[in-house]
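Peer 1: sequence plus predicted model, see below.
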Amino acid sequence: MDLMHHYSTFLLPTIPENQCPSLIYALIVLNHNLPRFTPLLWNHAQLRLCADGGANRVYDEMPLLFPQEDASDVRRRYKPDIIKGDLDSIRKEVLDFYTRLGTRIVDKTHDQDTTDLHKCVTCIRDFAPDSDTSNLCILVAGALGGRFDHEMGNVNVICRFSSLRIILLSDDNLIHLLPRTHRHEIHIQTSVQGPHCGLIPIRMPSKSSTTTGLKWDLNNTEMKFGGLVSTSNVVEGEKVTVQSDCDLLWTISLKKLA
Ligand SMILES: Nc1ncnc2c1ncn2[C@@H]1O[C@H](COP(=O)(O)OP(=O)(O)OP(=O)(O)O)[C@@H](O)[C@H]1O
Ligand SMILES: Cc1ncc(C[n+]2csc(CCO)c2C)c(N)n1
């Protein structure tokens, strides 16, 4: 079984060049509080999308992250490449502003069966040359906290696209999937994340999950909703390994830096 590495170096100003695999990042901004580190994610990303009302967040909240600067300068610097969704939440002035700057507006008003995040993920996937998504990593800002139906919808998107690397982010947490098809090595960026973490069987009960590097390691342990799920666990060092017979959600806390 192949080993999959997981890094969170996108939370740092510079990504080490020797990091393996070297990933291409895309950013999706959702319609919820913009995490304070969004400008970092923006700079690392080669493609930046706003899911419908996510554009209001970039327009309203990016300038607040640069209080010394003129708001319209900040808005022009952080111009989304694409705004996509059913476009029932984006304000007209915001739509007009980014249209004038040359942002592609992709309207899918007829589809009321998939979320705007889902639409953005398919859009990014279709951009990948030769459908090769092996080096692609999609960062989703504003995915957690707020409305629980939206949070669950966002988690469902990472399950629906389980072959893609998708990372849900808020100011406080990071979540991604650990597919059962691989063994996993998670590299902890201790300056910005931890120590609290969790491992949650998301599709079905796990008969056997095994970890190293946690305060409460699993050792061929069964996990299921209604039984044991690993919450309020703690990372002990800079590396966690996970192997399971089921897809697991990995979640780790993000540090509030001064
Ligand atoms: N409170 C929230 N918490 C987490 N994610 C959110 C929240 N609000 C919106 N989102 C995400 O941002 C995307 C765009 O939000 P937007 O408000 O434009 O969606 P929407 O489809 O109009 O939502 P709804 O009609 O259900 O209010 C959603 O698809 C969802 O993924
Ligand atoms: C069973 C079922 N439940 C809810 C919705 C509604 N819905 C789901 S995604 C979406 C688009 C949001 O931008 C909407 C309106 C549906 N279609 N089917």
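Peer 2: Nice, thanks for sending it over. Ligands and ions are numbered 1, 2, ... in the order given.
Peer 1: do the helix or strand of the chain with the lowest mean pLDDT and ligand 2 meet at all?
Peer 2: The helix or strand of the chain with the poorest confidence is strand 104-107; it has a mean of 90 (mean pLDDT, DSSP states H and E). No - on the criterion CB under 6 Å from any ligand atom, strand 104-107 is out of touch with ligand 2, staying 12.1 Å away. Heads up, the C-betas are built off the backbone N, CA and C, glycines and all.
Peer 1: need the next SSE after that strand, C-terminal direction.
Peer 2: Remark: after strand 104-107, the chain's next helix or strand is helix 116-127, criterion DSSP states H and E.
Peer 1: give the other helices and strands that that following helix contacts.
Peer 2: Based on contacts counted as 3 or more CB pairs under 8 Å, 6 or more residues apart in numbering; DSSP states H and E, the elements that helix 116-127 packs against are strand 24-29, strand 45-51, strand 82-85, strand 136-141, helix 148-160.
Peer 1: in TSV, list these along with distance to Thr241.
Peer 2: Written out in TSV, the entries for the helices and strands packed on helix 116-127 read as follows (distance: least, CB to CB, whole Å):
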stretch	distance to Thr241
strand 24-29	24
strand 45-51	28
strand 82-85	37
strand 136-141	20
helix 148-160	21
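Peer 1: just put these in TSV and tack on mean neighbour count and mean pLDDT.
Peer 2: Formatted as TSV, the entries for the helices and strands packed on helix 116-127 read as follows, by neighbours: other CB atoms under 10 Å; pLDDT from 0 to 100:
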stretch	mean neighbour count	mean pLDDT
strand 24-29	26	97
strand 45-51	23	97
strand 82-85	26	94
strand 136-141	26	97
helix 148-160	16	97
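Peer 1: and the ones you listed as CSV, adding distance to ligand 2?
Peer 2: CSV is the format used below for the helices and strands packed on helix 116-127 (distance: least, CB to the nearest ligand atom, whole Å):
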stretch, distance to ligand 2
strand 24-29, 14
strand 45-51, 9
strand 82-85, 6
strand 136-141, 15
helix 148-160, 7
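Peer 1: among the ones you listed, which is nearest His187?
Peer 2: The closest approach between His187 and any of the helices and strands packed on helix 116-127, judged by CB to CB, belongs to strand 136-141 at 13.7 Å.
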